[in-house]
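Let me see the structure of the following:
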Amino acid sequence: MEGKAHVISFLKKCIDYANASIERKEKRGDVEDIAKWEAYRDYTAHAVMEVEAGELDRWFPSQQKLLGESDASSLSLDALTHDARSAWLTNLASPRPLALIATSSEKGVRNIAPYTSLSVVSNSPPMAVVSLSADRNNRWRDTLLNMRQTKKAVLNFLPVSSNAATVVEQTAKPIAHGTSEWDAFGLESLESNELVMNDAAFAIIGELVEEVDLPDAKAKLAILRLSDILIPGGLDDAQPAHILCQHGLNRLMATPTEWHYNIDRNV
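Numbering: from 1, shown residues only. So this is what the prediction gives:
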């Protein structure tokens, strides 16, 4: 549906461009190529009609089968390896929000790392949760250790670009304790807040208010009270932001932007 909507949107823009070109040529008295532009416009309009009617659906990725349309099978998550379980859950419960969470230690060493295990769980009061794990040596992530010291965290959401994806890949890799990813990868921050990335699409500022142990896991759920959002000019609450997210294991992509359906109630 998403790809089909993009194609329709593009073709309609082509029609608008053709109409504008025809109008300009008519005003100039340059009538020689008008017939060609009219033919292009009409053929494109016909293509739009066929795509919208579903005549060319075979050109687009097929929709996956529904549970009632085939023999459903059951997979025991406990029986899977960690890698297999991660692949299934990230491919199915997806897309997931992606944010680079920036923190600082009491000594001023800044840390930044990507997380997809986060969610805004309350609008009033504004609250978010993020899952933070320990490594094989039972050492907690610097993100959590820093929040314990200063309580502060900034969720940096990224624009859709190869540069942003590269930053995610770089900061996902562990580096020596006490080393700042900001310095290691040349990341720049706003003068007004050293934890907000210059290249962020927007940022949400939060404060650690509570930690909750996850049962049978070397992980904690950090609960953040959100206080401020930092947005560029021109962005408002009327439209969802176009940002980088995770859709599938280790697969970064743009948030869906075209196909949508507005419902009457909040979910």
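
make it CA atoms for all contacts and neighbour counts henceforth
Will do.

Can you name every helix or strand that the longest helix along the chain contacts?
Ranked by residue count, the top helix of the chain under DSSP state H comes out as helix 2-28. Other elements packing on helix 2-28 under the criterion 3 or more CA pairs under 8 Å, 6 or more residues apart in numbering; DSSP states H and E are helix 34-53.

quick revisit: between helix 34-53 and the longest helix of the chain, find me the angle.
Here the directions of helix 2-28 and helix 34-53 differ by 160 degrees (axes from the mean of the first three to the mean of the last three CA atoms, to 10 degrees).

Go through helix 2-28 and flag the buried ones.
Residues Lys4, Ile8, Leu11, Lys12, Cys14, Ile15, Ala18, Asn19, Ile22 are the ones in helix 2-28 that count as buried (16 or more other CA atoms under 10 Å).

Kindly report the same for stretch 94-108.
Quick answer for stretch 94-108 (16+ other CA under 10 Å): Pro95, Arg96, Pro97, Leu98, Ala99, Leu100, Ile101, Ala102, Thr103, Ser104, Ser105.

surely Ile34 meets Ile22?
Yes: counting by CA atoms under 8 Å, Ile34 touches Ile22, with 5.9 Å between them.

Next, count neighbours for the residue lying closest to Leu100 once chain neighbours are set aside.
Nearest-residue entry for Leu100: Pro114, 4.2 Å, with adjacent residues in sequence omitted and distances by CA to CA, 6 or more residues apart in numbering. Using other CA atoms under 10 Å, Pro114 has 20 neighbouring residues.

Quick check: next helix or strand after the strand or helix carrying Val120?
Counting by DSSP states H and E, the element that carries Val120 is strand 118-123. Sequence order places strand 126-133 as the next helix or strand after strand 118-123, per DSSP H and E.

Any buried residues in that following strand, and which?
For strand 126-133, the neighbour count (16+ other CA under 10 Å) marks Met127, Ala128, Val129, Val130, Ser131, Leu132, Ser133 as buried.

Please name the bridge partners of the nearest residue to the fifth one once chain neighbours are set aside.
Same thing as Ser131. The shortest distance from Ser131 to any non-neighbouring residue, by CA to CA, 6+ apart, is to Leu221 (4.6 Å). Beta bridges link Leu221 to Ser131, Val212 when assigned by DSSP bridges.

Start the count at 41 instead of 1 going forward.
Renumbered: residue one is now 41, and that last one reads Leu261.

got the contact list for Leu261?
Leu261 makes contacts with Val169, Val170, Ser171, Leu172, Glu251, Val252, Asp253, Leu254, as judged by CA atoms under 8 Å, 6 or more residues apart in numbering.

which among these gets closest to Ser267?
Taking CA to CA as the measure, Val169 is the one of the contacts of Leu261 closest to Ser267, at 13.9 Å.

my guess is the closest one meets Ala262, correct?
Yes: here Val169 reaches Ala262: they are 5.5 Å apart, a contact under CA under 8 Å.
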